[in-house]
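Undergrad: only geometry, no sequence info:
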């Protein structure tokens, strides 16, 4: 199996961590009845931590499709290399670091880590754009 596919599998696990973290924090604020109910009622704004976890999840979901296209693309096109694997690991590692940084509300460093993740994606995309 190509390492890029393994990175995608790990990204799926990271997505589950994002989803579970956000919903647990939201349930802690709104309660189990909200969690198990229809969620039709208007709720008060989220406290800072649950709101940050939701934004971190949303941010991950914004870049995940690009990562899927890039990582699966290099595998399907037969363009994998040490560089695409490195780029995938950089992207995934940065995304793993991003969650606790956002959770704790760490400014600037979080943005830098996000930019590092984009560099990783660029390494993966490069062979698809410039064969």
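TA: Done, it's in. Computed from a predicted model, the values in this text were never measured in an experiment.

Undergrad: Now do the contacts for the residue most central in space within the chain.
TA: Nearest to the geometric centre of the chain sits residue 60, at 3.0 Å (C-alpha atoms, centre = their mean). Residues in contact with residue 60 (C-beta atoms under 8 Å, 6 or more residues apart in numbering) are 14, 15, 18, 95, 98, 99. For the C-beta atoms, the positions are set from N, CA and C on the backbone; glycine is no exception.

Undergrad: Next: residue 37.
TA: By C-beta under 8 Å, 6+ apart, residue 37 lies in contact with nothing.

Undergrad: Can you tell me how far it is from residue 54?
TA: According to C-beta to C-beta, to the nearest Å, residue 37 stands 18 Å off from residue 54.

Undergrad: related to what we said a few turns ago, quick one: which of the contacts of residue 60 is nearest residue 45?
TA: Nearest to residue 45 among the contacts of residue 60, counting by C-beta to C-beta, is residue 18 at 20.3 Å.

Undergrad: what residues are up against the closest one?
TA: With C-beta under 8 Å, 6+ apart, residue 18 has these contacts: 53, 56, 57, 60, 61, 99.

Undergrad: again, but for residue 119
TA: So residue 119 contacts 87, 90 (C-beta under 8 Å, 6+ apart).

Undergrad: Kindly state the pLDDT recorded for it?
TA: In this model, residue 119 is scored at 98, pLDDT.

Undergrad: likewise residue 86?
TA: 98.

Undergrad: Go ahead and confirm it touches residue 121.
TA: No - contact between residue 86 and residue 121 fails when scored by C-beta atoms under 8 Å: they sit 11.7 Å apart.

Undergrad: Who has more neighbours out of those two?
TA: residue 121 (20 against 14; other C-beta atoms under 10 Å).

Undergrad: any residues touching the helix or strand of the chain with the lowest mean pLDDT, and which ones?
TA: In the chain, the helix or strand scored least confidently by mean pLDDT, DSSP states H and E is helix 32-36, which has a mean of 91. Helix 32-36 has contacts (C-beta under 8 Å, 6+ apart) with 23, 26, 27, 41, 43.
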